[in-house]
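**Student:** Attaching a predicted model along with its sequence, questions to come.
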Amino acid sequence: MIDPAQNDDLPPVRFIGGIAGALFPFCVFLAGVMAIALSGAPDERGFWPVLILSLCLGLVLAKDRQNFCVSVIKGMSQPIVMIMIMAWMLASVIGVLMSETGFVEALTWTAGRLHLGGTAFVIASFLICCIVSVSTGSSFGTILICAPLLFPAGGLLGTHLATLAGAILGGATFGDCIAPISDTTIASALTQNADIIGTVKSRLKYVLPAAVVAIALYALSASSSGITAPANAPELAGKPDGLPMLAVPVVIIVLLLKKKHLLHGLLAGLLVGVVLGLVCDLLPLNRLLSLDLENFSAQSFVIDGINRAVGISFFTILLMGLVATLKSSGLLDKLIAFSAKRSRTLRHTEAWISGAVGVAVLLTCHSIVAILTVGDFARETGEKTGLHRYRRANLLSLVVCTFPFLLPYFIPVILMANTTSSGRAYGVPPVSPLQSGLHNFVSWAILAVVMFSILSGFGRHSDEKTT
């Protein structure tokens, strides 16, 4: 198990203006990211220049620039950051493999054979996205894979479009919160020194009730929209060939249940997927690797998957460097000391952890960086009051699966809204980021579960019994 605390020996950095000087580069980063996000550009590459500018401002304001630079590099090179980047790359590659071998089309075909109407199609879309997001561990991948297929079809069937967009986004949220290979699950577990499968098992009691409530709300919202399906509603496209690919997430989950290393599970799942794809004639041989000698380039589904992870990987590396300067300024130590004096009960501790990661995700606009930023604080504060590691990990993960999937300036919501433009070719109008986020009933339900759990103590002691 990686101990996040092993990289806490950051050299102290003092800033001109004290804590205000340390926070100023972070405020510039936040302003830049919000401006870019609200402009409708969901590519994390656009955030790179803002982060470089913020690091430059930090260097100018630092009194000891040598220590500032050392802190940035140490923050970037934490083992947990490298684990997250490797997980992103392999999960993205698996996501591309699942897409190219017809897994989503097989799920869509299954839904089509059931001859679903508007409301039923919304619920089926939610369940399909849940399966895909749990299988790939990627909310972004789920949106990119499923939305262009499901949204136009649902529009032609007469579904309430905002509810359908919210259902697709909600299904992506579900897997991001609960999948063993999700970056959110991995980060929340590792920062609290908790095993991944034990964390997932303990999280089910929070997420499954939220999903049930969300299904009821999706049905109510879709059925009360007053939209009826056209008489010439199309047959849902797809084919069943990709159903055998369901073995890929099964293999990964089984290996993690056996306490195998995360890298072991991801690589084994990828290998099984490639073999299945080739044997079932779902994956063309040239998609493994093909060389374009004239243009000095190579093509592969592996390359495509890794390319998908480049933006978020470098965004995380740069942002963790910036976050490290805040830690080295002593801000985190002051926060821990401040909260420790006021965390006299487990409920107080849970409120501090939830509030801290909530503020962090609103400031960083990045779920994983928020968890990594608050991870040390949650672990140290929780250990002082005896709060179980599973409970701490669950609070971190549950909170970051709310705001980023609800508010219109976060990448998942913007990405969902952008993909609804795929319906224009069929005369189906797009949905705005605000509408998509407001109709993500999964995140609203999770937010309610978090508040109820803290106030009532629900799940607090059962987390301790999970093995």
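**Tutor:** Great, that's in hand. Numbering: from 1, shown residues only.
**Student:** CA only for contacts and neighbour counts going forward, please
**Tutor:** Fine.
**Student:** Do a quick rundown of the strands in the stretch 201-350 of the chain.
**Tutor:** Secondary structure of the stretch 201-350 of the chain by DSSP state E, counting those that start in this stretch: the strands cover 290-292, 297-299.
**Student:** A214 is nearest to which of these?
**Tutor:** strand 297-299 (40.6 Å; Cα to Cα).
**Student:** Tell me which strands that closest one pairs with, and in which orientation.
**Tutor:** Here strand 297-299 has these sheet partners by DSSP bridges: strand 290-292 (antiparallel).
**Student:** Tell me which other helices or strands the helix or strand where A153 lies touches.
**Tutor:** Taking DSSP states H and E as the criterion, A153 maps to helix 139-156. Using 3 or more Cα pairs under 8 Å, 6 or more residues apart in numbering; DSSP states H and E, the elements in contact with helix 139-156 are helix 79-100, helix 103-113, helix 118-136, helix 161-178, helix 411-419.
**Student:** Which neighbouring elements make contact with the shortest one?
**Tutor:** Helices and strands touching helix 411-419, by 3+ Cα pairs under 8 Å, 6+ apart, are helix 139-156, helix 161-178, helix 433-438.
**Student:** can you list the residues that contact the last one?
**Tutor:** Think helix 433-438. 162-163, 165-166, 169, 405-409, 413-414, 416-417 (Cα atoms under 8 Å, 6 or more residues apart in numbering).
**Student:** Next: stretch 318-338.
**Tutor:** Taking Cα under 8 Å, 6+ apart as the rule, stretch 318-338 contacts 10-15, 19, 22-23, 26, 48, 51-52, 54-55, 68, 71-76, 369, 373, 377, 380-381.
**Student:** Swap in 6 Å and give it another go.
**Tutor:** 10, 12-14, 71-72, 75-76 (Cα atoms under 6 Å, 6 or more residues apart in numbering).
**Student:** in that stretch, what counts as buried?
**Tutor:** For stretch 318-338, the neighbour count (16 or more other Cα atoms under 10 Å) marks 318-329, 332, 336 as buried.
**Student:** Sitting in helices, which of the residues you listed do you find?
**Tutor:** 318-328, 332, 336 (DSSP state H).
**Student:** quick revisit: let me see the mean pLDDT of the helix holding A153.
**Tutor:** Per-residue pLDDT over helix 139-156 has a mean of 78.
**Student:** Convert the C-alpha atoms of that helix to PDB, please.
**Tutor:** Taking C-alpha atoms only, helix 139-156 is exported to PDB below (Å, rounded to 0.1, in the frame of the first residue of the first chain):
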ATOM      1  CA  SER A 139     -17.300   9.100 -16.500                       C
ATOM      2  CA  PHE A 140     -15.800  11.100 -19.400                       C
ATOM      3  CA  GLY A 141     -15.500   7.900 -21.500                       C
ATOM      4  CA  THR A 142     -19.000   6.900 -20.700                       C
ATOM      5  CA  ILE A 143     -20.400  10.300 -21.800                       C
ATOM      6  CA  LEU A 144     -18.300  10.200 -25.000                       C
ATOM      7  CA  ILE A 145     -19.200   6.700 -25.800                       C
ATOM      8  CA  CYS A 146     -22.900   6.600 -24.900                       C
ATOM      9  CA  ALA A 147     -24.300  10.100 -25.400                       C
ATOM     10  CA  PRO A 148     -23.800  10.200 -29.200                       C
ATOM     11  CA  LEU A 149     -25.700   6.900 -29.500                       C
ATOM     12  CA  LEU A 150     -28.400   7.300 -26.900                       C
ATOM     13  CA  PHE A 151     -29.300  11.000 -27.000                       C
ATOM     14  CA  PRO A 152     -30.400  11.100 -30.700                       C
ATOM     15  CA  ALA A 153     -32.300   7.800 -30.400                       C
ATOM     16  CA  GLY A 154     -34.100   9.000 -27.300                       C
ATOM     17  CA  GLY A 155     -35.000  12.300 -28.900                       C
ATOM     18  CA  LEU A 156     -36.600  10.500 -31.900                       C
END
